[in-house]
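Undergrad: fold the following and give me the result.
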Amino acid sequence: MSRTRQPPLVTGISPNEGIPWTKVTIRGENLGTGPADLIGLSICGHNCLLTAQWMSASKIVCRVGPAKDDKGEIIVTTRSGGNGTSTVSFKLLKTEKIGILDQSAVWVDEMNYYDMRTDKNKSISPLSLRPANPLGIEIDKGKVPQVDLESMFPGMSGDITSENFSATWYLIENHSATSFDQLRVAANNLRKQANKKNEGSLAYVKGGLSTFFEAQDALAAIHQKLEVDGTEKVGGSMTQKLENILNRASDTADTLFQEVLGRKDKADSTRNALNVLQRFKFLFNLPLNIERNIQKGDYDVVINDYEKAKSLFGNTEVQVFKKVYAEVETRIGALRSLLLDKLLETPSTLHDQKRYIRYLSDLHAPGDPAWQCIVAQHRWILQLMQTWKDNYIQGQKGTAGGTHSTTLDAEGDHRTSAVGRLAQADRLNRGGGFQAPRGESWPFQGPQQVAFVEKLTDVVINQLPNFWKLWISYVNGSLFSETGEKSGQVEKSKKNARQRQNDFKKMIEEVTHRLVKLVRGALLPSSLTEAELRLYGGWEAGSELTGPWLTQVIHTVRVSHEALAALEIPNDLLQVIQDLLLDLRVHCLLVTLQQTAEDIKRLAEKEDWVVDNEGITSLPAQFEQSMVQMLQSLKGPTECKPGEVNIFQLERTQDKASELCMTIMKVFINCLEQLSTKTDGDIDTSHISVDIASPDLFSSVHEHFHPTPEQRLLLILSNCSYLEKHTFLNLAEHLERHGFLGTEKITRVSMDLVRALDQRLFESYVERKADPIVGSLEPGMYAGYFDWRDCSPPTGVRNYLKEALVNIITVHAEVFAVSKELVPRVLSCIVESVAEEMSRLMQCVSSFSRNGALQARLEICVLRDALQLYLTTESNTSFKQALEALPQLHNGADKKLLEELLNKFKSSMHLQLTCFQPASVLPVKR
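TA: Just a heads-up that it's a prediction; the model follows:
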């Protein structure tokens, strides 16, 4: 006796928060009896059944989907327990969109930096350079761990060039042991550096003005004194002489120090060149930095450096700068090609695709990389679907000998498909007839077509959503960074998207049509043309699936349709999948009905001839169970999901289903008829048990019983009666409950068939039993040359009549042991035959003596009174005609003698005639 299971209860989830697609472990109670029992799982309102893995009744592993709610419960739904509850909740963390690094609004002063050539482990990008000891005091590294500093100042940094620079972090890290006086000196140094930087070279000019004025005043005083003394007039211009002397001294000095001065000029040139290199080392080191960062994958750093170099040196006229910048452009061109190759590489994630598109946009790549990526993804999805078809067809040929070949997913590892983790059909068998084999090394045991459909839908469910999301991002311009928005690339992308809407719609149509045609080629080849079969077919002939496998395929296709519909893809693009589902549902219905008919044919082999209290064997129950299991297996395919058509409302499907149901009924009736005509050698019979309180009433029933043909007829008759009164009516209710139409016609045809069989078998049994009894009456009546005209006075009933009654009792016992309800029907017909024969025999006698008439009346009355319970109108008429053929009793002594002999017979045969008493069985109603 089954009991209702408790609803599922979720008591724990680990981890209890995370971003979408986080893998979580759900623990609780009554989480299902197996994978097939798990029919629903939602976290924060999002359906996670697609990724659910049932581990045990207390553990389920799944991945959290992109739910709309930030926090919600975990609800588990099972077939056995229904909707569950949750005592815990899950918090969904929203991921922030991270683009490339934003441009810095501050240029870093490139003077007074460490010589980074001495630190080989550091990059020499200007963004990573640090000023030399800004405090101007000795650095004293402390012993505070880096982890502690990060926990004390979350989101901050001790790097003085960082935007999140923390002065406290810097002092703890570099001057934790410095005295307060030293820190005061450091503060003064910072002030001086700031003032010095603000004053610049103008301060030096201002400081030397007094010296220039004093020199000018001194020269003017000397010139005035010379004029007063008259020296200029006497000896000529003293200034001119002085100038000449100075010029000669200068020429002599130049001659003497020309080589020294040349070396000085060369040194000055070298110094100037080094100053230029030092000042513009960012540009000169940029090609090498680009190469290194590309190798490390730091594309954001490369893009930022390139944008800075372009803004500073993009329009320079300095030849050396032009030459270096040209090399930078060459490296950036190679990076564009590398990023485009990575963008078009398959398979790849949606995150990587968006990232590479933003990189190419910031690098001003020619063309439309986003559309190129969409085209490449579309081409790859189609190729992947076709490749899986070829692989599975090859696998089907490889498994023809019974060995399974393991299939791999797109990444090459052994994994259960997303849809394959869903529950299979209940046991996948009807009456133990079908069951999928299981092995240790084969992740999916079953027909290759089913595995192929699951893999095909996996490809669509996993790839098409990202493909669709990439297109949506392309349409709304979210693929570009702020730099791309400022440069007008967003508007350009939206304009291109509007022009290419029809092209993308054709891509989606091609993917869905390819999916549908590949599934049709595997499961419904008759629905394709010959040209389409050459492209999408190729499966081995005669490999049609049974109902349970088709049910699983329908569930798989439904899941894929729901997943695509959730992306808000237009319904007209998904209509072909709805059409495929309709054809699959109809095909599953018809195949299941045909397979059920084949299973019903084999029910005869399961007949064990064990009789229950109602006088029937297990065959009607097995038939009803097979039909109910068939209807239960069709519950999923025949159920109408949103947007689907009720297949029973299709006239052609309705007629075909009704015809197959009537065929099943005919097959079972033929099965019963075959069982009634088979001999012991034609059928494997087992023990028969009779559930009655009385001892065995016929000697052929024993522990190891093989039913005789007559007993087999009785058992089949009892089964026919049960079918008519119970089974067919129950099946009609089941058919109506499961949506079948035309059940009245099915029931009427079934009733007519079973009644016709019942009548044939009943007539055959009555003929087998009545003919020997009737045939023994006349020879027994005239045994010993008995003559009605010359016989002794009657002393009792003769033996032939007793033998006839014993034979009738034997028939009663045989029928009673099988079914009490059959007793009145069988005995009434036998009594009619016996009464008719007695009437004929009495009417054939030409004359009776007094003793002969008394003897004949005694025997007729004995037979009539003993079988009074089973007399019908026909038998009463026959006994009346028999008595009318006899002379009437006018003597009171004869009547008294007749009465005494009747009572004597009833007393002596009381035990034998007990079976004919009303308490044994109800009288027949005719």
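Undergrad: residue 862: neighbour count?
TA: Residues near residue 862, counting by other CB atoms under 10 Å, number 22. C-beta coordinates here come from the backbone N, C-alpha and C atoms, glycine included.
Undergrad: again with residue 31
TA: Neighbour tally, residue 31, other CB under 10 Å: 24.
Undergrad: please renumber so the chain begins at 50
TA: Shifting the count to begin at 50 puts that one at residue 80.
Undergrad: in terms of helices and strands, where is it?
TA: Counting by DSSP states H and E, no helix or strand carries residue 80.
Undergrad: in the stretch 550-699 of the chain, where is pLDDT below threshold?
TA: Applying pLDDT under 70 to the stretch 550-699 of the chain flags the ranges 591-592.
Undergrad: same thing but 80
TA: Low-confidence segments of the stretch 550-699 of the chain (pLDDT under 80): 587-593, 656-657, 660-664.
Undergrad: likewise the stretch 100-249 of the chain?
TA: Ranges of the stretch 100-249 of the chain meeting pLDDT under 80: 116-118, 143-200, 204, 206-213, 218, 222, 225-226, 241-249.
Undergrad: ranges for the strands of it?
TA: With strands called from DSSP state E, counting those that start in this stretch, the stretch 100-249 of the chain shows them at 102-105, 108-112, 120-127, 131-132, 134-135, 138-141.
Undergrad: do you know how far the closest residue to residue 188 other than its chain neighbours is from residue 399?
TA: Once flanking residues are discounted, residue 188 sits nearest to residue 223: 5.0 Å by CB to CB, 6 or more residues apart in numbering. Distance, residue 223 to residue 399, by CB to CB, to the nearest Å: 44 Å.
Undergrad: ok, these two, which is more surrounded?
TA: residue 223 (19 against 15).
Undergrad: my read: the more buried one touches residue 186, true?
TA: No - using CB atoms under 8 Å, residue 223 is not in contact with residue 186; the gap is 9.7 Å.
Undergrad: just give the nearest non-adjacent residue to residue 587, would you?
TA: Ranked by CB to CB, 6+ apart and with sequence neighbours excluded, the top spatial neighbour of residue 587 is residue 442, at 5.0 Å.
Undergrad: need the pLDDT of the one you found.
TA: Among the per-residue scores, residue 442 shows a pLDDT of 80.
Undergrad: doesn't it belong to a helix?
TA: Yes - remark: residue 442 belongs to a helix, assigned using DSSP: H, G, I helix; E, B strand; the rest coil.
Undergrad: so what's the residue count around residue 231?
TA: For residue 231, the neighbour count with other CB under 10 Å is 15.
Undergrad: and for residue 757?
TA: By other CB under 10 Å, the residues close to residue 757 number 15.
Undergrad: gap between it and residue 194?
TA: With distances taken as CB to CB, residue 757 is found 97 Å from residue 194.
Undergrad: now do residue 715
TA: Following CB to CB, the distance that separates residue 715 from residue 194 is 87 Å.
Undergrad: okay, the two: which has more neighbours?
TA: Neighbour count, other CB under 10 Å: between residue 715 and residue 194, residue 715 has more, with 15 against 9.
Undergrad: if we can go back for a sec, tell me which of the strands of the stretch 100-249 of the chain is the most buried.
TA: With neighbours taken as mean count of other CB atoms under 10 Å, these reach their highest mean count in strand 120-127, at a mean of 21.
Undergrad: what angle do it and strand 108-112 make?
TA: Comparing the axes of strand 120-127 and strand 108-112 via axes from the mean of the first three to the mean of the last three CA atoms, to 10 degrees yields an angle of 120 degrees.
Undergrad: so which elements touch strand 120-127?
TA: Here strand 120-127 touches strand 58-63, strand 72-78, strand 87-92, strand 134-135, strand 138-141, going by 3 or more CB pairs under 8 Å, 6 or more residues apart in numbering; DSSP states H and E.
Undergrad: what do you get if the cut-off is 7 Å, keeping everything else the same?
TA: The contact analysis (3 or more CB pairs under 7 Å, 6 or more residues apart in numbering; DSSP states H and E) places strand 120-127 against strand 58-63, strand 87-92, strand 134-135, strand 138-141.
Undergrad: buried residues, the second one. List them.
TA: The reference is to strand 87-92. Using 16 or more other CB atoms under 10 Å as the test for burial, strand 87-92 gives 87, 89-92.
Undergrad: turn those residues into a markdown table, columns for distance to residue 787.
TA: Below are the buried residues of strand 87-92 laid out as a markdown table (distance: CB to CB, whole Å):
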| residue | distance to residue 787 |
| --- | --- |
| 87 | 24 |
| 89 | 22 |
| 90 | 27 |
| 91 | 28 |
| 92 | 33 |
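Undergrad: closest to residue 838 out of these?
TA: Of all the buried residues of strand 87-92, residue 87 has the smallest distance to residue 838: 91.5 Å, by CB to CB.
Undergrad: run through the residues that contact the closest one.
TA: When contacts are counted by CB atoms under 7 Å, 6 or more residues apart in numbering, residue 87 is found next to 81, 101, 103, 127, 472.
Undergrad: closest one of those residues to residue 351?
TA: Compare each of those with residue 351 using CB to CB and the shortest gap goes to residue 101, at 42.8 Å.
Undergrad: the nearest residue in space to residue 775 that is not next to it in sequence and residue 774, how far apart?
TA: Taking CB to CB, 6+ apart, and ignoring the residues beside it in sequence, residue 775 has residue 669 as its nearest neighbour in space, at 7.7 Å. From residue 669 across to residue 774, the span is 10 Å (CB to CB).
Undergrad: so for those two, which sits in the more crowded spot?
TA: Set side by side, residue 669 and residue 774 show more neighbours around residue 669, with 23 against 10, by other CB under 10 Å.
Undergrad: so the residue nearest to residue 188 is in contact with residue 190, correct?
TA: Yes - counting by CB atoms under 7 Å, residue 223 does reach residue 190; the two are 6.4 Å apart.
Undergrad: show me where pLDDT drops low in the stretch 700-849 of the chain?
TA: Short version for the stretch 700-849 of the chain, where the test is pLDDT under 80: 726-756.
Undergrad: show me the helices in it, by range?
TA: Along the stretch 700-849 of the chain, counting by DSSP state H, counting those that start in this stretch, helices occupy 700-726, 758-771, 777-786, 792-824, 826-830, 848-867.
Undergrad: those helices: which one's closest to residue 205?
TA: That would be, of those and by CB to CB, helix 777-786, which comes in at 69.5 Å.
Undergrad: okay, that closest one in CSV with CA atoms only?
TA: Only the C-alpha atoms of helix 777-786 are listed here, as CSV (Å, rounded to 0.1, in the frame of the first residue of the first chain):
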residue,chain,number,x,y,z
PHE,A,777,-13.5,-1.8,-21.1
LEU,A,778,-15.5,0.7,-19.1
ASN,A,779,-12.4,1.6,-17.0
LEU,A,780,-10.3,2.0,-20.2
ALA,A,781,-13.0,4.3,-21.7
GLU,A,782,-12.7,6.5,-18.6
HIS,A,783,-8.9,6.5,-18.9
LEU,A,784,-9.0,7.4,-22.6
GLU,A,785,-11.4,10.3,-22.0
ARG,A,786,-9.2,11.5,-19.1
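Undergrad: list of residues touching that helix?
TA: The contact list for helix 777-786 (CB under 7 Å, 6+ apart) reads 673, 676-677, 680, 792, 795-796, 799-800.
Undergrad: show me which of the residues you listed is closest to residue 908.
TA: Closest to residue 908, out of all of the contacts of helix 777-786 and judged by CB to CB, is residue 800, at 42.7 Å.
Undergrad: what is the neighbour count of the closest one?
TA: Here the count is done by other CB under 10 Å, and residue 800 has 15 residues near it.
Undergrad: please apply the same query to residue 353.
TA: Neighbour count for residue 353, taken as other CB under 10 Å: 21.
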